[in-house]
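1. Quick one, what's the 3D model for this:
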Amino acid sequence: MPNIEMLQALHGDAFILHCQKNGNNGVIVVDGGPYRDSRKIVSHLDALNTIDLMVLTHYDDDHIGGILAYIKKHKADRPFPVKHMWVNCAYDIPIYSSPNISFGQAKKLANELKEINDCLVKEGFSIIDWETPIVAKKESIKLPFADILILSPNAGTKNINDKNYMNAIHNANIGREYYTRQKQALKNSLSELALVKKRQPKENDIQEVINWSSIAFVVRSDNFSMLMLGDSYPCSIVESLKNVGYSTDNPLYVDYVKISHHGSRNNVSNELLDMIDCDRFLISTNGGNGTSCHPDRETIANIACHAKRDRNKSIHLYFNYPIRKIENVGYKFIEGKELELYNIVVHEDVQQITKELP
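-> Modelled structure (predicted):
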């Protein structure tokens, strides 16, 4: 049994974490890819029979679409196959129609969950249990099969996102301007790109706030530890890590890091990486979705060249699609000669990961 399943979910995220703690086993599902790839995702989730915890990091289609399809398929199942759910768009936000795609997905999800729980109550079954709101905490949540420390969102960011939701459902013209970014040439070295300053998320950008309010967390079990970053921004994670006592001199140790936002350049920073002791990084993407290309070469640069990185230890990059496919959809983000130069090992088309025994 693998510790981690990194499902192929096109340009989205879909993870299954198989945790063990003190002899107790548990399954955590984190996100479910886009709706247009949902049939494949749902088949993987069906094989689990029961899901102990389902985490929806935020309500963009490339994270929530497959989950919505799964919930629709199983809403009449008794008992419902999900025991606990963490989602910041269930009962705490009023439900109306929305012209915005992401907020529309939130509405559909909330309606489905409310209907399921109403039926479960009437039929005498246990309801889907969730804690709300899910915000950064200073102490880990102790589950039978894992300990989880929530790092994002903070309450302030979540409140901004809630206000954006309310504005969106009352204003059909609200939205954001999308653009297609030029595919990047390999003209700058990784060392040079690692020095590029990161842009901070903007409170008036609806999509950036949705990503900024992602649920991000550290999961620790007896068989592995992992930092799951959703689509969060590094400023939030750095602040939370500092709040619980981590620093560049006392870094967070984990076996794996799920890189934020499919390797987007503004969702990782040298400061964040300097506060993490890890040499295995997971990047979930097929190359992008037309409006963006992932991963960004700057992200690879930060991972390879941040100040606290030990160049004597290999960095392992795990991709859930073949590199050629990622580059065909996106662009070429690393050259072969750089792998040896920066001591990087690339693992491609990886969908199951098991921690190596010491």
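
2. downstream neighbour of the longest helix seen in the chain in the secondary structure list?
-> Assignment by DSSP state H gives helix 101-123 as the longest helix of the chain. Reading on from helix 101-123 to the C-terminus, the next helix or strand found by DSSP states H and E is strand 141-142.

3. and that following strand, which strands flank it?
-> Counting by DSSP bridges, the strands paired with strand 141-142 are strand 147-152 (antiparallel).

4. And the partner strand, how far out from the chain middle?
-> 13 Å (CA atoms, centre = their mean, to the nearest Å).

5. avg pLDDT for the longest helix of the chain?
-> For helix 101-123, mean pLDDT is 77.

6. Counting by contacts, list what it packs against.
-> Applying 3 or more CB pairs under 8 Å, 6 or more residues apart in numbering; DSSP states H and E, one finds that helix 101-123 contacts helix 61-74, helix 155-170, helix 206-212. Quick note: C-beta positions are derived from backbone N, CA and C, even for glycine.

7. now the angle from it to helix 61-74?
-> Going by axes from the mean of the first three to the mean of the last three CA atoms, to 10 degrees, helix 101-123 is angled at 20 degrees with respect to helix 61-74.

8. got the CA positions of helix 101-123 in CSV?
-> Output in CSV follows, covering the C-alpha atoms of helix 101-123 (Å, rounded to 0.1, in the frame of the first residue of the first chain):
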residue,chain,number,x,y,z
ILE,A,101,-17.2,29.8,-11.8
SER,A,102,-15.3,29.2,-8.6
PHE,A,103,-18.1,30.6,-6.4
GLY,A,104,-20.6,28.7,-8.4
GLN,A,105,-18.8,25.5,-7.6
ALA,A,106,-18.9,26.5,-3.9
LYS,A,107,-22.7,27.0,-4.1
LYS,A,108,-23.2,23.5,-5.8
LEU,A,109,-21.0,21.8,-3.2
ALA,A,110,-22.8,23.5,-0.2
ASN,A,111,-26.2,22.6,-1.6
GLU,A,112,-25.2,19.0,-2.1
LEU,A,113,-23.7,18.7,1.4
LYS,A,114,-26.8,20.4,3.1
GLU,A,115,-29.1,18.0,1.2
ILE,A,116,-27.1,15.0,2.2
ASN,A,117,-27.0,15.9,5.9
ASP,A,118,-30.7,16.8,5.9
CYS,A,119,-31.5,13.3,4.5
LEU,A,120,-29.1,11.6,6.9
VAL,A,121,-30.8,13.3,9.9
LYS,A,122,-34.3,12.2,8.7
GLU,A,123,-33.1,8.6,8.2
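
9. So in this structure, where's the weakest helix or strand by average pLDDT?
-> Lowest by mean pLDDT, DSSP states H and E among the helices and strands of the chain is helix 155-170, with a mean of 70.

10. Please state the mean pLDDT value computed over the next helix or strand after that helix.
-> Once the chain leaves helix 155-170, the next helix or strand it forms, by DSSP H and E, is helix 190-193. For helix 190-193, mean pLDDT rounds to 94.

11. Okay, buried residues for stretch 202-212 please.
-> Going by neighbour count (16 or more other CB atoms under 10 Å), the buried part of stretch 202-212 is 206, 207, 208, 209, 210, 211, 212.

12. List just the nearest of those to residue 296.
-> residue 211 (14.4 Å; CB to CB).

13. residue nearest the centroid of the chain?
-> Central residue of the chain (CA atoms, centre = their mean): residue 230, 2.1 Å from the mean position.

14. Let me see the ranges of the strands in the stretch 201-350 of the chain.
-> Along the stretch 201-350 of the chain, counting by DSSP state E, counting those that start in this stretch, strands occupy 216-220, 225-228, 252-253, 256-258, 276-277, 280-283, 315-319, 344-347.

15. okay, those in JSON lines with mean pLDDT, distance to residue 136 and mean neighbour count next?
-> As requested, the strands of the stretch 201-350 of the chain are arranged in JSON lines below (pLDDT from 0 to 100; distance: least, CB to CB, whole Å; neighbours: other CB atoms under 10 Å):
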{"stretch": "strand 216-220", "mean pLDDT": "98", "distance to residue 136": "9", "mean neighbour count": "24"}
{"stretch": "strand 225-228", "mean pLDDT": "98", "distance to residue 136": "14", "mean neighbour count": "25"}
{"stretch": "strand 252-253", "mean pLDDT": "98", "distance to residue 136": "14", "mean neighbour count": "17"}
{"stretch": "strand 256-258", "mean pLDDT": "98", "distance to residue 136": "17", "mean neighbour count": "24"}
{"stretch": "strand 276-277", "mean pLDDT": "98", "distance to residue 136": "16", "mean neighbour count": "18"}
{"stretch": "strand 280-283", "mean pLDDT": "98", "distance to residue 136": "22", "mean neighbour count": "23"}
{"stretch": "strand 315-319", "mean pLDDT": "98", "distance to residue 136": "26", "mean neighbour count": "21"}
{"stretch": "strand 344-347", "mean pLDDT": "98", "distance to residue 136": "31", "mean neighbour count": "15"}
